[in-house]
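K.L.:
have a look; sequence and predicted model below, questions after that.
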Amino acid sequence: MENRFEDWYSQETLQRIAKLDLLRATWFDCFAEKFEKSSDVSDLVSLWNIESIEISDLANNSEAISYSLAWRIMWFRSHWRLSFATLKDESWEIQLVFNRWNLDINNWFNPSTEISLDWEIIDGYSFLKKFIDIGDIVWVKWNLFCTKTGQLSLFVRELQLLTKTLNPLPEKFHGLKDQNTRFRKRYLDILLNWWVKEMLQRRSKYFKAIRDFMDWEWFTEVDTPTLEVTTWWADARPFVTHHNALDMEVFLRISAWELWQKRLMVAWFEKIYELWRIFRNEWISHEHAQDYMQMEVYWAYADYQKMMWLVKNMYLYIVDKVYSTRKFNIRWFEIDFDQEWEIIDYTQIIKDKLWIDIFNSTEEEMISKLNELWANYEAWNRARLVDYLWKYLRKSIKGPAFLINEPKFTSPLAKSDIHNPEITHRFHVIIAWSEVWNGYSELNDPIDQKERFEAQQALRDWWDDEAQMADWDFVEALMHGMPPTAGFGVSERLFAFLEWMSIRETQTFPLVKSNN
């Protein structure tokens, strides 16, 4: 059988396993259970102004202030009397200095100047050189000092091996460069590339900022099912699976659970949101992933214009909390969230720029215009052709902007304008020519909703598998009465835009194809 872990058996790995066997034979603990850190490296870096001191003087100074910290050896250079290493934790890195005559080794936190192995007795300094490798996680203690060249260092008096690593780390400058390898071994990508860790920390702040803003505005966080018998709202293909206990086909949700939350609006809730994962069985691109985080919010007695005000304030809150700036370079555009947010009319911009009336122009005229523009398209139906026309125009819009007045045939769940029923009260946020999610004045007329579901079902019958599925149980819920409601959704795609990275790059563990 082919060995799936052949990289474990490199020459260096075999050498490390041999060291581990020797240490275990003498009851040396190579995998500690716990450790109490007293300091982070960043705590010591804040003491940069320590007076420079000779190492020989420090070695004989038992009264110096002592510190203890732990993490991973990232670099090591050994000499006869002195050795130098770099210790890096999640906060920073610092130089370690080891002296031949002043190093004790701890085993179960019993310091000793000598270590007894089956075949010899060695001093602490020899133990360091023989058994500690780059990548090992260690505890060190004591004195902090500054070298004559101004480098902050830790003069190590005691060392404890906390975790013995068996696989060497990739070489820093020629290691993980292939994106697929970086995603597959994301733990190494984070370990070796400091900017990846900082990006993931900002990702955490991004979702926290969303929750903090919604909580501040007195919205209640709710949770709704991940497995559904009907997929709703989004134009996307679902993942399909079988529920064994109930013996039926179910779908992983493709939206932020719109119709479940609107049921809660029927049931007395007035301000709710949910932030969790959704799944779409479609293409991979710079802006699209199949498994990602999304937030959706619903607000009773508000319309889409009031929701636009809330959304703008939320976006400003996010960029302030995560980035401390409102200016970004995204897709070669200079984006300033402080500027006036433009309002763009969907139907009017297509008419003004392309001379196409989305309600009266024929499908043949739309196809002719798309061919004239050399635009990629698939001539499925009128709604799709109009969407392709808009996507062509969208590439010229810098933003931030709000897109409004979308047609009903592309927005089956949005409320129609009372004066022009073919136009809906829906909006999109546009940043660097991408739609960074959208909101509605929600449809609460059950008869209208029923007719739209029927129209979407007709599209599915004509092989449009991204059209809406009908949910008659939701229509029944609407018949019990849902108050005027506005809704909005935003996903981690906004974070990817602010970072100007692909959405997969900003995920902690992007899905990659199996090696099997």
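P.N.:
That came through fine.
K.L.:
what's the neighbour count on the closest residue to L316 other than its chain neighbours?
P.N.:
Take L316 and drop its neighbours on the chain: the residue closest to it by Cβ to Cβ, 6 or more residues apart in numbering is F337, 5.9 Å away. Backbone N, C-alpha and C define where each C-beta goes, glycine included. The number of residues packed around F337, counting by other Cβ atoms under 10 Å, is 20.
K.L.:
distance of F337 from E249?
P.N.:
Distance, F337 to E249, by Cβ to Cβ, to the nearest Å: 44 Å.
K.L.:
thinking again about what came up before, quick one: residues contacting the residue nearest to L316.
P.N.:
Y315, L316, V319, R326, K327, F328, P400 (Cβ atoms under 8 Å, 6 or more residues apart in numbering).
K.L.:
mind checking which of those residues are in strands?
P.N.:
Those of the contacts of F337 mapping onto strands are K327, F328, per DSSP state E.
K.L.:
from the contacts of F337, pick the one nearest F183.
P.N.:
F328 (24.8 Å; Cβ to Cβ).
K.L.:
skipping its backbone neighbours, what lies nearest that closest one in space?
P.N.:
That would be I335: by Cβ to Cβ, 6+ apart, it lies 4.6 Å from F328.
K.L.:
SS state for that neighbour?
P.N.:
strand (DSSP: H, G, I helix; E, B strand; the rest coil).
K.L.:
I figured it was touching I431, is that so?
P.N.:
Yes: taking contacts as Cβ atoms under 8 Å, I335 lies within contact range of I431: 6.2 Å.
K.L.:
so what sits against both of those two?
P.N.:
G399, P400.
K.L.:
so the two - more neighbours on which side?
P.N.:
Each of I335 and I431 has its neighbours counted (other Cβ under 10 Å); I431 has more, 24 against 20.
K.L.:
ok, and the closest non-adjacent residue to that one?
P.N.:
Nearest non-adjacent residue to I431 (Cβ to Cβ, 6+ apart): G399, at 4.4 Å.
K.L.:
can you get me a residue count around the one you found?
P.N.:
The burial count for G399: 24, using other Cβ under 10 Å.
K.L.:
what do you get for F427?
P.N.:
Counted with other Cβ under 10 Å, residues neighbouring F427 total 28.
K.L.:
would you list the phi and psi of it?
P.N.:
Reported as degrees, to the nearest 10, the phi and psi values for F427 are phi -140, psi 150.
K.L.:
one more: the one 4 residues further on?
P.N.:
For I431, the backbone dihedrals (degrees, to the nearest 10) come out as phi -130, psi 120.
K.L.:
so who does it touch?
P.N.:
Contacts here follow Cβ under 8 Å, 6+ apart; on that basis I431 touches I330, I335, G399, P400, L494, F497.
K.L.:
state the pLDDT value of it.
P.N.:
Reported pLDDT at I431 in the predicted model: 93.
K.L.:
and it, how far from G487?
P.N.:
20 Å.
K.L.:
same thing with N143?
P.N.:
For N143 relative to G487 (Cβ to Cβ), the value is 60 Å.
K.L.:
the two: which has the busier surroundings?
P.N.:
G487 (27 against 23).
K.L.:
excluding chain neighbours, what is closest to the more buried one?
P.N.:
Y298 (4.7 Å).
K.L.:
for S116, same thing?
P.N.:
Leaving out its chain neighbours, the residue that sits closest to S116 by Cβ to Cβ, 6+ apart is T26, at 6.7 Å.
K.L.:
buried residues in stretch 279-298?
P.N.:
F279, R280, A289, Q290, Y292, M293, Q294, M295, E296, V297, Y298 (16 or more other Cβ atoms under 10 Å).
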